[in-house]
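A.B. asks: Kindly generate the corresponding structure for this input.
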Amino acid sequence: MRRTLPMIVLLGLSLPFAHKPVHVDDANFLAMARHAAKDPWRPHDFPINWQGTTESAFDVLSNPPGIAWWLAPLSDASITAMHLWMLPWLILAAWGALQLGSIVAKRPNSAALLLCGAPIAILATQALTPDLPLLACVLAGMAGLMQENTTKTFSSKWPWAVLVGLGAVFRYSGVAMIPLVGLWAWMHGDRRSAFRLAAAASLPLALLIVHDLLAYDAIHLLAMTGFQSVSNTAGDLGHKTVASIAALGGAAALPILCWHHSKRAIAGAIVGAIMGAIAAHLTHQLSAPTLATILFSAAGGATLSAVFKPKDRMDQFL
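C.D. replies: Got it, this is the predicted structure:
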């Protein structure tokens, strides 16, 4: 019964907003889903209004087609039906968070509520965007990889590696998780499995690249790398650094790292808070955002502090 409590809380936070209208980026993904329902082979092959100009979706929609394929069967259904169609990803994410919490900190319920109940995660459950599927693939896939068992690593773990890699079919940022799949096996002395698991995690992205070449004669990931590339000043890079630290704290990313590093966590929180205050001052934020920036930067700094002098192999990996 206690293991069901996080799911009850998460569904209670999500279901009241199942009727939420199409909002911000939802429109882009819904447009792609409707086209995918007509032409699933080329979900990016349609015109879209981009900042007042008609553009090819392939050139300006910077996410892979996973969410379009997922939403396509219900793309003309009611908004409530589409939001309910996203809930299996919340259930999968919560299961992964429960398993990770048990493996890493022996606190499954706390981990599930912190990782899946964070504002950024709950907002993702109320959106028609790829963020929630990515969260689910990462949490559930890594939980499966990190579970102890007595069978050979690759033979029992490769489906979980594929699940982690599937996140990159929803958001390209999921590519960052692929090396960690192999790293886990490498750190546990199974170097042969490390390469094979990393290859298994790469499989969904590799298949997507082959699909793009056949469907468009181009690779969407490479096209978006150029589209998203911008030059950054020193000020831009500093602002993005603080924003990343604040996002780490705001998303409650692995707060379990801090629980047995109290002294370093306090020092990290102080440094993070100072960086947040400076960033807020330089960007002329109002009082409420300033406080949020300082608090989230402090939480992120506390989490990052655990990187230094990790106690054991689990700490090193995290």
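
A.B. asks: Spatially nearest residue to Thr290, not counting backbone neighbours?
C.D. replies: Ala280 (4.1 Å; CB to CB, 6 or more residues apart in numbering). Backbone N, C-alpha and C define where each C-beta goes, glycine included.

A.B. asks: before we move on, which element is the one you found in?
C.D. replies: Using DSSP states H and E, Ala280 sits within helix 262-282.

A.B. asks: Give me the buried positions along that helix.
C.D. replies: Buried residues in helix 262-282, counted by 16 or more other CB atoms under 10 Å: 264-265, 268-269, 271-273, 275-277, 279-280.

A.B. asks: Is it possible to get TSV of the residues you listed that adds distance to Pro204?
C.D. replies: Below are the buried residues of helix 262-282 laid out as TSV (distance: CB to CB, whole Å):
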residue	distance to Pro204
Arg264	37
Ala265	36
Gly268	35
Ala269	37
Val271	38
Gly272	35
Ala273	39
Met275	36
Gly276	36
Ala277	42
Ala279	36
Ala280	39
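
A.B. asks: of those residues, closest to Trp50?
C.D. replies: Ala279 (30.1 Å; CB to CB).

A.B. asks: Does the closest one touch Lys240 like I think?
C.D. replies: No. Using CB atoms under 8 Å, Ala279 makes no contact with Lys240, being 9.9 Å away.

A.B. asks: Dump the buried residues of helix 262-282 into TSV; add pLDDT as well.
C.D. replies: Converted to TSV, the buried residues of helix 262-282 look like this (pLDDT from 0 to 100):
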residue	pLDDT
Arg264	75
Ala265	77
Gly268	83
Ala269	84
Val271	87
Gly272	86
Ala273	87
Met275	87
Gly276	85
Ala277	86
Ala279	80
Ala280	79
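
A.B. asks: if we can go back for a sec, so what secondary structure elements neighbour the helix holding Ala280?
C.D. replies: When contacts are defined as 3 or more CB pairs under 8 Å, 6 or more residues apart in numbering; DSSP states H and E, helix 262-282 packs onto helix 234-250, helix 287-305.

A.B. asks: Which one, of those, ends up nearest to Gln99?
C.D. replies: helix 287-305 (20.2 Å).

A.B. asks: between that closest one and helix 234-250, what angle do the directions make?
C.D. replies: Interaxial angle, helix 287-305 versus helix 234-250 (axes from the mean of the first three to the mean of the last three CA atoms, to 10 degrees): 80 degrees.

A.B. asks: average pLDDT for helix 287-305?
C.D. replies: In this model, helix 287-305 has a mean pLDDT of 77.

A.B. asks: can you give me how far it is from the chain middle?
C.D. replies: 20 Å (CA atoms, centre = their mean, to the nearest Å).

A.B. asks: Can you list the buried residues in stretch 240-249?
C.D. replies: Neighbour-count burial for stretch 240-249 [16+ other CB under 10 Å]: 242-243, 245-246, 248-249.

A.B. asks: Mind pulling up the pLDDT for the residue nearest the centre of the chain?
C.D. replies: Nearest to the mean C-alpha position of the chain, by CA atoms, centre = their mean, lies Leu135 at 4.1 Å. pLDDT for Leu135: 93.

A.B. asks: Isn't it up against Ala121?
C.D. replies: Yes. In terms of CB under 8 Å, Leu135 counts as a neighbour of Ala121; the distance is 6.1 Å.

A.B. asks: Return every residue with contacts to both of the two.
C.D. replies: Ala93 (CB atoms under 8 Å, 6 or more residues apart in numbering).

A.B. asks: how close does the closest residue to Thr241 other than its chain neighbours get to Pro88?
C.D. replies: Leaving aside its chain neighbours, Thr241 sits nearest to Met275 (7.8 Å; criterion: CB to CB, 6+ apart). From Met275 across to Pro88, the span is 38 Å (CB to CB, to the nearest Å).

A.B. asks: Please apply the same query to Ala302.
C.D. replies: 33 Å.
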